Each structure stands twice: as C-alpha cells, then as structure tokens.
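K.L.:
build me a structure from this.
(one chain, ligands or ions: 1)
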Amino acid sequence: MNTPTSQDVLNSNELVTEFTTLAEKQTEAFTGISINKDITAKELKLRAGCCVNNIGSEIHRRVKHLNRIALELLNGLICFKELILENVLNCKMFTGNYPLLIEHIIREAKLYRGYVEVLERDGCLSEACMRDTECFWNQIMMEHALFIRGLLDPTEVELINTADEFAANYEKLLEACHTAHGRTLTDSSLTETLKFRDFKTAGAQGITGCEIRSVILPLLADHVLREANHYIRLLTV
Ligand SMILES: [Fe+2]
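P.N.:
Coordinates of the predicted model:
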C-alpha cells in the first residue's frame, strides 16, 4: 500500500457522496435528530493541500490539540457503545439495532482510535499489513450485506437475494484472509467491493428516491456506501 495523498482521499468519495446532503436532510426530518450539515458542506469545499513539509508549528499544535479531543471523545463513545451492547445482551435495554451492528461500530471506533494513537506517537501511519486490513474490511463488508438484507422489506426479494450473495462471497473472502498466511487477496477483495459499491450506490439512490421498501435510514445507506469507497481506496492506492 502506498502512502495516500489528500487528493486520493478527496477522489475516493469516502468523505461525501452525491447522496450525503439529501440523506442528511431526510434523516433529520425522519428522526427529529438534528444533524450538523455544515460538516458535509465544509467537506465539499476541501481541496488537496500542499506537501507535508510546509506544515508549520501552529498547524502542528492545532492538529495535536484536535487529536487529543478526538481521543477523549472516542474513549467516551466506545465506553457508551460497550455499555449499550452489555445492556442489550443482558436484556436490560431494547433497541431497533442488531447487537452485531453495535459490535460492528465498536470495532470501527477502536480501529479509528488506534489510527489516532499511532499518529500521535509516530507522526504517521506505518504501512499496515494489507492482510489484516483486508480481514477487517471484508468482515465489515460482509456485515453490511447482512444488515442490508435484514433491514429490507420482505417483499424486496431480489435485493435480499443479492445481499445474501454478497454476504456469502465476503464470508469466503474472510475465510481465505484468515488462512492466507501473509498473502493478500487484494484482487478478489477489490473485484467484490467494486460490485458491492455499485449495489450500495443503487441502494442509496433507491432509498433517498423513495423507490425501495425498507427500514434503512437514508444516512445509513449513504454511510455504508462511503465505507465501501474508503475500502476501495485502501485496496487501490
Ligand atoms: Fe460500517
């Protein structure tokens, strides 16, 4: 894996997609939860920066401060999610979210915390073992397929069958990852994830356009698409 540039990140559509702005508005209206849409508006204005060597001490200090706040928030958020999971698994709390979804977002938050900790300690992310990256994200993609199939209306038979196929294919890739002994499966993971990206794009389009019957919030549909875009960038850059 090469070191990604900020332009690679902007090109990947992992920060914002063509659906994000609408999905945020719709999700806010459906749930009554206020969403700070300014973040997406600012992300749309992001431009790739100049080379890292030009970063002055003031920016360095501000990023360090930001990372410290991010770590505090992450620690609190991870504890909060773990508490919810424990309560749900002990039948002390009910939620419309699958327990696996809560485990899934705990793993993602821990991965992010790991990145921030390494950045703070070493100043850059070391080249992660691609096999570990593929194991992590193939599991995430498999679980997305399972969540999608479980949140679609039972009448959406064709979409449910397609989601089941993706889940089965990622399960095979995940098994192969765990027994790969250091080898990577990048080509197979990429081929599958490009197809899954297209499926998720059609899903986000159908859900924001009110053409798919489901209990999937528009912002969740957009979110899983952005994660596929992120994984594709990791596999290609
Ligand atoms: Fe996810």
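K.L.:
once you drop chain neighbours, what's closest to residue 22?
P.N.:
Distances taken as C-beta to C-beta, 6 or more residues apart in numbering put residue 208 closest to residue 22, at 5.2 Å, once the chain neighbours are dropped. Every C-beta, even on glycine, is put in place using the N, C-alpha and C of the backbone.
K.L.:
elements contacting the longest helix that the chain contains?
P.N.:
Secondary structure assigned by DSSP state H gives helix 57-89 as the longest helix of the chain. Here helix 57-89 touches helix 99-122, going by 3 or more C-beta pairs under 8 Å, 6 or more residues apart in numbering; DSSP states H and E.
K.L.:
tell me what angle the helix it packs on forms with helix 57-89.
P.N.:
150 degrees (axes from the mean of the first three to the mean of the last three C-alpha atoms, to 10 degrees).
K.L.:
could you list the buried residues of helix 99-122?
P.N.:
101-102, 104-106, 109, 113 (16 or more other C-beta atoms under 10 Å).
K.L.:
now do it: distance to the chain's middle.
P.N.:
11 Å (C-alpha atoms, centre = their mean, to the nearest Å).
K.L.:
next one: stretch 213-232
P.N.:
8 Å.
K.L.:
just the CA coordinates for it, please, in PDB.
P.N.:
C-alpha atoms of stretch 213-232 as PDB (Å, rounded to 0.1, in the frame of the first residue of the first chain):
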ATOM      1  CA  ARG A 213     -39.100  -0.600   0.600                       C
ATOM      2  CA  SER A 214     -37.000  -0.900   3.800                       C
ATOM      3  CA  VAL A 215     -36.400   0.300   7.300                       C
ATOM      4  CA  ILE A 216     -32.900   1.700   6.300                       C
ATOM      5  CA  LEU A 217     -32.400   5.300   7.100                       C
ATOM      6  CA  PRO A 218     -31.100   7.300   4.100                       C
ATOM      7  CA  LEU A 219     -27.900   8.300   6.000                       C
ATOM      8  CA  LEU A 220     -27.200   4.700   6.900                       C
ATOM      9  CA  ALA A 221     -27.500   3.800   3.200                       C
ATOM     10  CA  ASP A 222     -25.100   6.600   2.300                       C
ATOM     11  CA  HIS A 223     -22.700   5.700   5.200                       C
ATOM     12  CA  VAL A 224     -22.200   2.100   4.100                       C
ATOM     13  CA  LEU A 225     -21.500   3.400   0.500                       C
ATOM     14  CA  ARG A 226     -18.900   5.700   1.900                       C
ATOM     15  CA  GLU A 227     -17.200   2.800   3.700                       C
ATOM     16  CA  ALA A 228     -17.100   0.800   0.500                       C
ATOM     17  CA  ASN A 229     -15.500   3.800  -1.200                       C
ATOM     18  CA  HIS A 230     -13.000   4.000   1.700                       C
ATOM     19  CA  TYR A 231     -12.100   0.300   1.400                       C
ATOM     20  CA  ILE A 232     -11.700   0.600  -2.400                       C
END
